[in-house]
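Trainee: how would this look folded up:
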Amino acid sequence: MPEICRVGVCGFDPMLVRGYVKTGYRALWWYIPDGLYEDFNVSPGDAVKGTLLAVYNYNGEKTAEPKEPFSWVTAKESGLAVVLPGEVITKFELTEFHFIELVIEKVAKMENGNEIEIHEVYPGEEKKRKFWPEKAMKLEFHLDYMAP
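Mentor: Model (predicted):
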C-alpha cells in the first residue's frame, strides 16, 4: 500500500465555495506529503490517483467511508496542492473544516490534459508521513457547508 494520508482540507469560506463550485473554479484542495512531492517531482497539472477512504467533519467524526477511487489534478501553480473537484465537494458536503483520509497509489504526469507517464507510488512499501492526529481534529471554530 503506497502512501496513506489524513489531511486537512484547505480552501475558501463556504459561501465562496458555494459560488466556485457553480462556476467550476477551484474551491478546496489538500496538500500531498513533501516527500512524495520531491520523490515523484510532481508538477502543476499532474494527476494524483488513489482511493478516498474516509471523510471527517470538524468534530473529528467520520461522516463518510466511501472507499472509492479518485484521480484529482494538482493546482496550476504548484504540484503540492491537489484540487478537489466540485462533485466531490457537493457529494461529501466538504468545507475547509473537514479532513480526508486517502491512499495515494499513482502519480500521472500530464501534458495537455493527457497522461504521458504513470508512476506507481512506492510499490511494495507503505508510507504514512502525513497523518492528522485524531485529537487535533476537533476544531473550536467552523462554518457549515453551503450547497451551491
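Trainee: which stretches of the chain have low pLDDT?
Mentor: 1 (pLDDT under 70).
Trainee: pretty sure residue 142 is touching residue 56, no?
Mentor: No. At 11.9 Å, residue 142 does not count as touching residue 56 under the criterion of C-beta atoms under 8 Å. Where you see a C-beta, it was placed from the backbone N, CA and C, and this is true even at glycine.
Trainee: Spatially nearest residue to the most centrally placed residue in the chain (excluding sequence neighbours)?
Mentor: Closest residue to the average C-alpha location of the chain: residue 30 at 4.4 Å, with C-alpha atoms, centre = their mean. Using C-beta to C-beta, 6 or more residues apart in numbering and skipping the chain neighbours, the partner closest in space to residue 30 is residue 7 (4.4 Å).
Trainee: What helices and strands are in contact with the helix or strand encompassing residue 53?
Mentor: In this assignment (DSSP states H and E), residue 53 forms part of strand 47-56. Under the contact definition 3 or more C-beta pairs under 8 Å, 6 or more residues apart in numbering; DSSP states H and E, strand 47-56 sits against strand 62-64, strand 68-73, strand 99-111.
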